[in-house]
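Chemist: Show me the folded form of this:
(one chain, ligands or ions: 2)
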Amino acid sequence: MIILGIETSCDETAAAVVDDSRRVRSEIVLSQLDEHRPYGGVVPEIAARAHLEHLDRLVARAMTEAQVGYAQLSAVAATAGPGLIGGVIVGATMAKSIALVHGKPFLAVNHLEAHALSARLVEDISFPYLLLLVSGGHCQLLAVEDVGRYARLGTTMDDAAGEAFDKTAKLLGLGYPGGPALERAASSGDPARYALPRPMLGRPGADFSFSGLKTAVRHAVAALPGGKASPHQAADLAASFQAAVGDVLVDRTRNGFALFRARAGLASVPLVVAGGVAANTYLRRRLQALADAEGARLHIPPQKYCTDNAAMVAWAGIERLRLGQRDGLDFAPRPRWPLDPRAA
Ligand code: KG4
Ligand code: ZN
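Modeler: Ligands and ions are numbered 1, 2, ... in the order given. Here you go, the predicted model:
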């Protein structure tokens, strides 16, 4: 089985060719950093236009590098939601067109499912597992029971974790994109210098909240002389922020383990962390310590499969095609598309 995957749901234009032996035959990711940098965040209309401008060429290159002809493809998969709808339409329409022209099945992939299954592209991890999905758009704990079977254990009440990183980095003048910049600044900062809140810590359940933390950083900056953080103060604030996020993620994920065990009646389940924020080395260390304490194995895909990419979309396509699934060419792209239909 060989699948072409396409990802265009946010600010990465990506194409990849992956086969069912987990071989990634080609993978290309084009980040629109320069397009969005002047605005300090992703502008949906600019993103959609950039996808449209680059996707043709990217797909052609992915096919050439994979040394695969369209006739050899088993199917074409694209993220069909959730995400910025203009970009999603560009990617899904491209995939449908290729599928139609070459008479191949089309797979409308849920972007969250692609993140959820991304660890299985790299390693043989069997179901069920606990998933902490932490990205720019999402912050959820999910019980992953099988392909297509997800139960949401917790979600954020306001900002996603990556969004909190991005907004806090902007506030501290650390540049764009915020997550990696904040982690860099934090590495030379004192995490105990500022007492920041830990929203939801100690509460029952596995929901998250980050907007209060971001606001606390804003107040801390406003209270500084001149209302602006020096590089030294910004580093201390970044480290204090990151430590607070770490405490919250660990606390919520610990509850996620308990909820999952109660639900599945299992003594131990592995923990998989996916999404862009899983690239953070400090948070990885904190989650490893939690997994050790819980007697659970921790799996985190390599960084290139944590942030948005098309290999995980192709892989989700393979997982679904193996089960005989495919979608119609009339599948309508979805701006919202929860993995757990009961949690809509
Ligand atoms: O999964 P992703 O590429 O896109 C979404 O589906 O949202 O995640 C991007 C998010 C951004 O908010 C970015 O700031 C965050 O992941 N991120 C990080 C790091 N690298 C990326 N957050 C914290 N530390 C990092 N090293
Ligand atoms: Zn994503």
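
Chemist: Can you tell me how far the closest residue to residue 179 other than its chain neighbours is from residue 186?
Modeler: With sequence-adjacent residues excluded and distances taken as C-beta to C-beta, 6 or more residues apart in numbering, residue 179 is closest to residue 165, at 4.2 Å. For every residue, glycine as well, the C-beta is placed using N, CA and C. Distance of residue 165 to residue 186, computed by C-beta to C-beta, to the nearest Å: 10 Å.

Chemist: quick one, which of those two is more surrounded?
Modeler: A side-by-side neighbour count of residue 165 and residue 186, using other C-beta atoms under 10 Å, places residue 165 first with 31 against 23.

Chemist: Output the below-cut-off pLDDT ranges for the stretch 101-250 of the chain.
Modeler: In the predicted model of the stretch 101-250 of the chain, no residue satisfies pLDDT under 70.

Chemist: need the contact list for the residue nearest to residue 179.
Modeler: If a contact means C-beta atoms under 8 Å, 6 or more residues apart in numbering, then residue 165 has 178, 179, 182, 245, 277 as its contacts.

Chemist: how about the nearest residue to the closest residue to ligand 2 within the stretch 151-300 of the chain, chain neighbours excluded?
Modeler: Across the stretch 151-300 of the chain, no residue is closer to ligand 2 than residue 275, which sits at 5.8 Å (C-beta to the ion). Counting by C-beta to C-beta, 6+ apart, the nearest residue to residue 275 once its immediate chain neighbours are dropped is residue 135, at 3.3 Å.

Chemist: Surely that neighbour touches residue 156?
Modeler: No - if you go by C-beta atoms under 8 Å, residue 135 and residue 156 don't touch, sitting 10.9 Å apart.

Chemist: rounded to a whole number, what's the mean pLDDT of stretch 20-29?
Modeler: What stretch 20-29 shows for mean pLDDT is 98.

Chemist: shift numbering so it begins at 33
Modeler: Happy to do that; since the first residue is 33 now, the last one works out to stretch 52-61.

Chemist: what about that stretch, how long is it end to end?
Modeler: End-to-end span of stretch 52-61 (C-alpha to C-alpha, to the nearest Å): 21 Å.

Chemist: For it, buried residues please.
Modeler: 56, 57, 58, 59, 60, 61 (16 or more other C-beta atoms under 10 Å).

Chemist: One more: stretch 184-193?
Modeler: Within stretch 184-193, the residues that qualify as buried are 184, 185, 186, 187, 188, 191, 192, 193, counting by 16+ other C-beta under 10 Å.

Chemist: residue in the stretch 83-232 of the chain nearest to ligand 2?
Modeler: Here the residue of the stretch 83-232 of the chain nearest ligand 2 is residue 167; by C-beta to the ion that distance is 4.4 Å.

Chemist: For residue 306, see how far away that residue is.
Modeler: When distance is defined by C-beta to C-beta, residue 167 is 8 Å away from residue 306.

Chemist: Near ligand 1, which residues of the stretch 233-376 of the chain are found?
Modeler: Contact residues (C-beta under 6 Å from any ligand atom) of the stretch 233-376 of the chain with ligand 1: 307, 308, 309, 311, 312, 339, 340.

Chemist: CA atoms only for stretch 359-376, dumped as PDB, please.
Modeler: The C-alpha trace of stretch 359-376 is given here as PDB (Å, rounded to 0.1, in the frame of the first residue of the first chain):
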ATOM      1  CA  ASP A 359     -14.500   8.600   1.400                       C
ATOM      2  CA  GLY A 360     -16.700  10.000  -1.400                       C
ATOM      3  CA  LEU A 361     -15.500  12.900  -3.600                       C
ATOM      4  CA  ASP A 362     -18.500  14.800  -2.200                       C
ATOM      5  CA  PHE A 363     -16.900  14.900   1.300                       C
ATOM      6  CA  ALA A 364     -17.300  18.500   2.500                       C
ATOM      7  CA  PRO A 365     -14.200  19.900   4.300                       C
ATOM      8  CA  ARG A 366     -15.000  20.700   8.000                       C
ATOM      9  CA  PRO A 367     -13.700  23.700  10.000                       C
ATOM     10  CA  ARG A 368     -14.700  21.800  13.100                       C
ATOM     11  CA  TRP A 369     -14.500  18.000  13.400                       C
ATOM     12  CA  PRO A 370     -14.200  16.500  16.900                       C
ATOM     13  CA  LEU A 371     -12.600  13.100  17.200                       C
ATOM     14  CA  ASP A 372     -15.100  12.000  19.800                       C
ATOM     15  CA  PRO A 373     -18.600  12.600  18.400                       C
ATOM     16  CA  ARG A 374     -20.000  12.600  21.900                       C
ATOM     17  CA  ALA A 375     -17.800  15.500  22.800                       C
ATOM     18  CA  ALA A 376     -18.900  17.800  20.000                       C
END
